[in-house]
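[1] Structure of the sequence below:
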Amino acid sequence: MERGRRAAGPHVVLFAGAGGGSIAVVSSRKVGNAVARNRARRIMRAAWHQVDLRGIEDYDIVLLARGSIAGASSATLVPELRGLARKAGVERT
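    Now for the predicted structure:
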């Protein structure tokens, strides 16, 4: 991830590096207690599955939840994740 690309949004930070198409979803204690962290990871996973990107199989992706993710839904994260992927240069058009 040191040599990868980073794009930050209001709820999520996306890290992308060359790889085989893996995804990791991370939430730190800044997000809240265990229940809040698990919820954050669940909604990020659900939103990522709704994002349809071309060329993403060439990258390993790490999604990091920010503290502001509390109260967000996967529907609000889908456009944010699309924009972050474009900003990081992950999606091929």
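
[2] and the one helix or strand Leu84 maps to, what's its mean pLDDT?
    Leu84 is part of helix 74-88 when elements are defined by DSSP states H and E. Average pLDDT, helix 74-88: 92.

[3] try stretch 9-22
    Averaged over stretch 9-22, pLDDT sits at 92.

[4] related to what we said a few turns ago, can you point out the buried residues in the helix holding Leu84?
    Ser74, Leu77, Val78, Glu80, Leu81, Arg82, Leu84, Ala85, Lys87, Ala88 (16 or more other Cβ atoms under 10 Å). C-beta: built from backbone N, CA, C; applies to glycine.

[5] Return the list of helices and strands in contact with that helix.
    Helix 74-88 is packed against strand 5-8, strand 12-18, helix 34-50, with contacts defined by 3 or more Cβ pairs under 8 Å, 6 or more residues apart in numbering; DSSP states H and E.

[6] Return the most buried member of the ones you listed.
    Among these, ranked by average contacts under mean count of other Cβ atoms under 10 Å, first place goes to strand 12-18 (a mean of 19).
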